[in-house]
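K.L.:
need coordinates for the following:
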Amino acid sequence: MSLKFVIGNSGCGKSTWLYEQVIFRSMAHPEKNYLFIVPEQFTMQTQKEFVRRHPSHGILNIDVLSFQRLAYRVFDEVGGFHVPVLDDTGKTLVLRKVCEDKRAQFQVLKSSIQKQGTIEELKSILSEFIQYQVDSGELTELAEHTNNANLRCKLRDLRILYDGFFQYLEEHFITSEQVLDLLCRVVDRSALVKNSVIVLDGFTGFTPLQCELLRHLMKLADKVLVAITIDEASAGRGLLEEHRLFYLSAKTLQTLRRIAEEERVETEPSVCLHASEKSRLAGNPPLCHLEQNLFRVKPAPFTGPDAASAVRISEAPDPVEELRFVASQIRRLVRQEGYRYGQ
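P.N.:
Residues are numbered from 1 along each chain as shown. Just a heads-up that it's a prediction; the model follows:
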């Protein structure tokens, strides 16, 4: 059992290093499972990249998963998961019903339930409560200890909504955010995870539920590798002040190291990668310079060729016009300047 970090600035080759390591080790140890965990929106792209890079163009013992997909793989293996998962549309319908049923008890929400966007905002709030393990008791405690009367009423309304929502779901449905909680209860029985190599790439940070799952994974896996975007100097200073550029990354490092220490999991020396000719931004000096200087205390001016036209900033009155502008620029580049759509 060990934990290892792969750190470096954006575009320095962390993902490439992980791809090469996983492919090499998977070929040397075909009996071992390699679980490459990325955010849900990157699973297809990462699978494609593995197939492209693999000498055999196949990844038999490499699984590219998100946290949700890992959960369903484990449930298929160990069983015991029979409750339907409520999708976003279902959440909206349940929330609307609960809001109507509890309307008389609300103090602040009563007047805004019918307004456009209110249900979506409430759905987002409940999702964050689940992910960050905020329960009804904590909302009650917060309401009792605040001196702001308006905030107190809002917190009480949210507690009523929270209780009503989960009373309705009880024994009939679970939300997608609760899937990881169920996974934590059964993952210890999984042969897929036990003695595997687990890699996490593309994450800025982890919610408390994800951290609890990582606690279990560290104890079960042979090795856990985590890629984190942070420069070497910031990584060596421990937890940074909140206004610092790499604060979230430093906080993630500290959290995972603490979990490893609590579970007596060895923390190996980190791999620190630097910009090279193989880096993603190596062929684009303006963007490479921007990555090295954006939001820094003492940024250096770019003095390379085409400095005036290297980066363009466009402004649009709303997101719709912004999308239209981007689409028109893509069409212009394809039709007039020889660009082509990505495969």
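K.L.:
any low-confidence regions in the stretch 51-200 of the chain?
P.N.:
80 (pLDDT under 70).
K.L.:
for the stretch 51-200 of the chain, what spans make up the strands?
P.N.:
62-65, 85-86, 174-175, 197-200 (DSSP state E, counting those that start in this stretch).
K.L.:
need the residue closest to the centroid of the chain.
P.N.:
When the chain is reduced to its mean C-alpha position, the nearest residue by CA atoms, centre = their mean turns out to be residue 203, at 4.6 Å.
K.L.:
in contact with it, which residues?
P.N.:
Contacts for residue 203 (CB atoms under 8 Å, 6 or more residues apart in numbering) come out as 38-39, 226, 228, 252. From N, CA and C alone the C-beta is placed, and that goes for glycine too.
K.L.:
helix, strand or coil for it?
P.N.:
coil (DSSP: H, G, I helix; E, B strand; the rest coil).
K.L.:
against residue 125, how distant is it?
P.N.:
23 Å (CB to CB, to the nearest Å).
K.L.:
likewise residue 109?
P.N.:
11 Å.
K.L.:
neighbour count winner among those two?
P.N.:
Taking other CB atoms under 10 Å, residue 109 and residue 125 do not tie; residue 109 has more neighbours (20 against 13).
K.L.:
my guess is that one meets residue 95, correct?
P.N.:
No: counting by CB atoms under 8 Å, residue 109 stays clear of residue 95, with 11.1 Å between them.
K.L.:
overlap in contacts, those two.
P.N.:
Shared contacts of residue 109 and residue 95 (CB under 8 Å, 6+ apart): 122, 161.
K.L.:
what ranges does the stretch 51-200 of the chain have for its helices?
P.N.:
67-78, 88-101, 118-131, 136-145, 149-169, 179-186 (DSSP state H, counting those that start in this stretch).
K.L.:
before we move on, back to that, of all the strands of the stretch 51-200 of the chain, which one is nearest residue 260?
P.N.:
Taking CB to CB, strand 197-200 is the member of those nearest to residue 260, at 13.0 Å.
K.L.:
re the thing from before, report the buried members of the contacts of residue 203.
P.N.:
Buried members of the contacts of residue 203, counted by 16 or more other CB atoms under 10 Å: 38, 226, 228, 252.
K.L.:
which ones among those residues map onto strands?
P.N.:
Members of the buried ones among the contacts of residue 203 lying in strands (criterion: DSSP state E): 226, 228.
K.L.:
can you tell me which of the buried ones among the contacts of residue 203 is closest to residue 293?
P.N.:
Using CB to CB, those come closest to residue 293 at residue 228, 20.6 Å.
K.L.:
next up, the contacts around residue 84.
P.N.:
Neighbour list for residue 84: 172-174 [criterion: CB under 8 Å, 6+ apart].
K.L.:
ChimeraX command to pick out the buried ones of those?
P.N.:
The ChimeraX command for the buried members of these (criterion: 16+ other CB under 10 Å) is given here:
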select :173,174
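K.L.:
wait, which of the buried ones among the contacts of residue 203 is closest to residue 151?
P.N.:
The closest of the buried ones among the contacts of residue 203, once distances to residue 151 are taken by CB to CB, is residue 252, at 29.7 Å.
K.L.:
now do the contacts for the residue nearest to the closest one when sequence neighbours are not counted.
P.N.:
Excluding the flanking residues, the one nearest residue 252 by CB to CB, 6 or more residues apart in numbering is residue 205, at 4.8 Å. Taking CB under 8 Å, 6+ apart, we find residue 205 in contact with 248-249, 251-252.
K.L.:
now residue 205, what are its backbone angles?
P.N.:
Reported as degrees, to the nearest 10, the phi and psi values for residue 205 are phi -160, psi -180.
K.L.:
roughly how far does it sit from residue 226?
P.N.:
Separation of residue 205 from residue 226 (CB to CB): 11 Å.
K.L.:
cool, residue 305 as well?
P.N.:
38 Å.
K.L.:
winner for burial among the strands of the stretch 51-200 of the chain?
P.N.:
strand 197-200 (a mean of 23; mean count of other CB atoms under 10 Å).
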